[in-house]
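> Just a sequence and a predicted model for now, questions to come.
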Amino acid sequence: MASQEERAALAKRLVAALRPSAEPIGIAFVPPGAPTDAPAFRGIHAAPNDAGRTGTVPAGCVFWIEALAGPIATSASDHANCSVGSYTHGFIPLAEAATKDDVAVVLAAGWVDEAAVGALPQVRERPERIVYGPLASLAADPDVVLLRIHGLGLMTLRDAFPALRVEGKPQCHIVAIAKEEGTPAASVGCALSRARTGMKAEEMTCALPGAGLADTVARIEAAADLDRTMARYASADARRFAREV
């Protein structure tokens with residue numbers, strides 16, 4: 001287990017290498033009976049819709065934003081307004097998610113099909129809680145580190161991991177990929193998540209496995225250093241073509 005000082009140093013190095021639009025967020029899946037120092041999220045459950053679906057936020061991806069203020073511990077009921085996110089994060093099985101009205105809406109619209117939903121990765125063991133918080137201030141090692149990046153950051157990440165999975169909708173399933181497959185994954189985002197989180201048009205996300213994070217950061221730094229060396233070369237070479245105005 002890394003110390004909080006070590007996690008803070010890794011967060012600082014990730015910011016320097018990937019230049020994210022917000023600080024790195026750690027995500028920890030807490031199994032039943034395990035303790036956590038993070039305070040419970042204080043959100044209020046919205047009035048249920050006609051199908052009875054509700055939660056304290058519109059979707060679990062909103063906790064990526066809420067967590068910037070400090071660590072929070074969330075429950076299944078906090079996540080329950082988004083059935084797909086509840087499935088990918090291990091709170092409910094696919095058979096239950098498939099019965100929900102929000103899944104029916106995206107299927108009826110043709111936004112996704114049943115095969116795509118059935119192929120989504122999932123956190124295998126149901127957590128009792130999920131803790132979100134700035135990587136630099138988490139009290140324990142996260143299972144996943146999530147960053148909001150731009151095109152430059154995605155370029156660097158792809159250079160560090162040539163086999164990087166770049167995913168589309170939904171956005172949340174890259175968390176399950178990073179946790180269960182132990183490999184970085186990126187997402188171009190999805191319309192639902194962008195509307196719910198207020199992510200800017202140019203922002204994307206990436207999820208890094210918490211296991212072996214120091215080695216992952218070192219690979220990203222090496223790729224970033226090489227890219228910057230090449231950028232300096234290209235800038236210097238381009239000056240030969242400068243024209244007086």
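Looks like it arrived, so ask away.
> any idea how far Gly189 is from Gly43?
Per Cβ to Cβ, to the nearest Å, Gly189 is found 23 Å from Gly43. Using the backbone N, CA and C atoms, a C-beta is placed for each residue, glycine as well.
> So for the two, which sits in the more crowded spot?
Between Gly189 and Gly43, counted using other Cβ atoms under 10 Å, Gly189 has the larger neighbour count: 21 against 16.
> Phi and psi next, for the residue nearest in space to the middle of the chain.
The centre of the chain sits closest to Leu146, judged by Cα atoms, centre = their mean, with a distance of 3.9 Å. Phi and psi for Leu146, reported as degrees, to the nearest 10, are phi -110, psi 140.
> Off-centre distance for the lowest-mean-pLDDT helix or strand in the chain?
When each helix and strand of the chain is scored by mean pLDDT, DSSP states H and E, helix 114-118 comes last, with a mean of 93. Remark: helix 114-118 is offset 21 Å from the chain centroid, using Cα atoms, centre = their mean, to the nearest Å.
> Whichever helix or strand comes after it pairs with which strands?
Proceeding N to C from helix 114-118, the next assigned helix or strand is strand 129-134, under DSSP states H and E. Here strand 129-134 has these sheet partners by DSSP bridges: strand 25-30 (antiparallel), strand 72-74 (antiparallel).
> so can I have TSV of those showing mean pLDDT and distance to Lys200?
Listed next are the strands paired with strand 129-134 as TSV, based on pLDDT from 0 to 100; distance: least, Cβ to Cβ, whole Å:
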stretch	mean pLDDT	distance to Lys200
strand 25-30	98	16
strand 72-74	97	23
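> What angle do strand 25-30 and the helix or strand Val217 falls within make with each other?
Assessed by DSSP H and E, Val217 sits inside helix 213-238. Interaxial angle, helix 213-238 versus strand 25-30 (axes from the mean of the first three to the mean of the last three Cα atoms, to 10 degrees): 160 degrees.
> Pro209 and Ala98: what is the separation?
In terms of Cβ to Cβ, Pro209 sits 28 Å off from Ala98.
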